[in-house]
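>>> The sequence isn't on hand, but the structure is:
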């Protein structure tokens, strides 16, 4: 009986037979070889796509910076033209002679669009407003306007001044529209108080609102004396954008151009 138990114990300890390992087939070798060949190509393709995307974004940002500079220059030219027109009106023979009907006809020829209006004020604008034109609400119409002034010929502070009212929606915002920015881009002009003075698209919706906090932080972080630059931010809808900015020549205004980030 002991012999039988010994045989059973030996059989239990016997290691089961392991089938012989099959060598990889030729097809498997070919698959591995193909993968090893393609992996570097895939890596290079991915790297090339990444580099191409970066180059495209850099190109778009350069276009955005050029657009901001062009809009700033256009706004600067309009400001210079408005001031020159006011200076010429202040020496108008009709105004000097006191012929107000003739002077008003002259105004109609120069500013007959409704986007501009000239009035005669009995006192000068406050110094801060005259030196730093900013957006305000017209008391009679409620429209968002920017005011410019010009003393009359005698130059006395207590003499009447010409005051030019420029409509933010109808005069300043079309300057941005004429820049013909790509679809989905946004541009705005900020006044000295960082309030939106002109915008495209949807000027009526945004004019008079403070600039987006991300854009404000970018401008505040710019080195003193900087005339332009760029940074990252987002729209009010939360979409990421690259922001190019440029100062307006001769004015405490700033142009922003938002370039979408795909």
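It's in. Keep in mind that what you see is a predicted model, and the values were worked out from it rather than measured.
>>> For residue 193, grab phi and psi.
Phi and psi for residue 193, reported as degrees, to the nearest 10, are phi -90, psi 10.
>>> when you give positions from now on, start the count at 42
Fine by me, first position is 42 from now on; the one you just mentioned is residue 234.
>>> For it, give me its contacts.
Applying CB atoms under 8 Å, 6 or more residues apart in numbering to residue 234 gives the contacts 175, 176. No exception for glycine: its C-beta is placed from N, CA and C like everyone else's.
>>> Check what pLDDT it gets.
Note for residue 234: predicted pLDDT of 90.
>>> distance of it from residue 113?
Noted for residue 234: a distance of 18 Å to residue 113, by CB to CB, to the nearest Å.
>>> can you check residue 125 too?
According to CB to CB, residue 125 stands 19 Å off from residue 113.
>>> ditto for residue 203
Separation of residue 203 from residue 113 (CB to CB) stands at 26 Å.
>>> Can you name the residues that contact residue 296?
By CB under 8 Å, 6+ apart, residue 296 lies in contact with 109, 112, 113, 116, 228, 229, 230, 231, 286, 287, 288, 289.
>>> Give me the below-cutoff pLDDT ranges for the stretch 42-191 of the chain.
Residues of the stretch 42-191 of the chain meeting the criterion pLDDT under 70: 42-99, 101, 152-155, 161, 163-173.
>>> same check, this time on the stretch 192-303 of the chain
Residues of the stretch 192-303 of the chain that meet the cut-off, pLDDT under 70, sit at 194-200.
>>> Residue 204: how many residues sit nearby?
Residue 204 has 18 neighbours, counted by other CB atoms under 10 Å.
>>> Likewise for residue 241?
Residue 241 has 22 neighbouring residues, counting by other CB under 10 Å.
>>> which stretches of the stretch 142-291 of the chain form strands?
Secondary structure of the stretch 142-291 of the chain (DSSP state E, counting those that start in this stretch): strands at 157-162, 176-178, 185-192, 202-208, 227-231, 237-241, 269-275, 281-288.
>>> Now render these as TSV, adding distance to residue 105.
TSV is the format used below for the strands of the stretch 142-291 of the chain (distance: least, CB to CB, whole Å):
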stretch	distance to residue 105
strand 157-162	30
strand 176-178	24
strand 185-192	25
strand 202-208	26
strand 227-231	9
strand 237-241	14
strand 269-275	7
strand 281-288	4
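>>> What's the PyMOL line that selects buried ones from the contacts of residue 296?
Buried residues within those, by 16 or more other CB atoms under 10 Å, are selected in PyMOL with:
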select buried, resi 109+112+113+116+228+229+230+231+286+287+288+289
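>>> Tell me the one of the contacts of residue 296 nearest residue 182?
For the contacts of residue 296, the residue nearest residue 182 by CB to CB is residue 230; the value is 20.7 Å.
>>> Check whether that closest one really touches residue 119, as I assumed.
No - assessed by CB atoms under 8 Å, residue 230 is found out of contact with residue 119, at 10.6 Å.
>>> tell me, what's touching those two both at once?
With contacts taken as CB under 8 Å, 6+ apart, residue 230 and residue 119 have 213, 216 as neighbours in common.
>>> and residue 145, which of the strands of the stretch 142-291 of the chain is closest to it?
Proximity of the strands of the stretch 142-291 of the chain to residue 145 was assessed by CB to CB; the nearest stretch is strand 157-162, lying at 9.1 Å.
>>> Against which helices or strands is that closest one packed?
For strand 157-162, the elements it packs on are helix 67-131, strand 202-208, judged by 3 or more CB pairs under 8 Å, 6 or more residues apart in numbering; DSSP states H and E.
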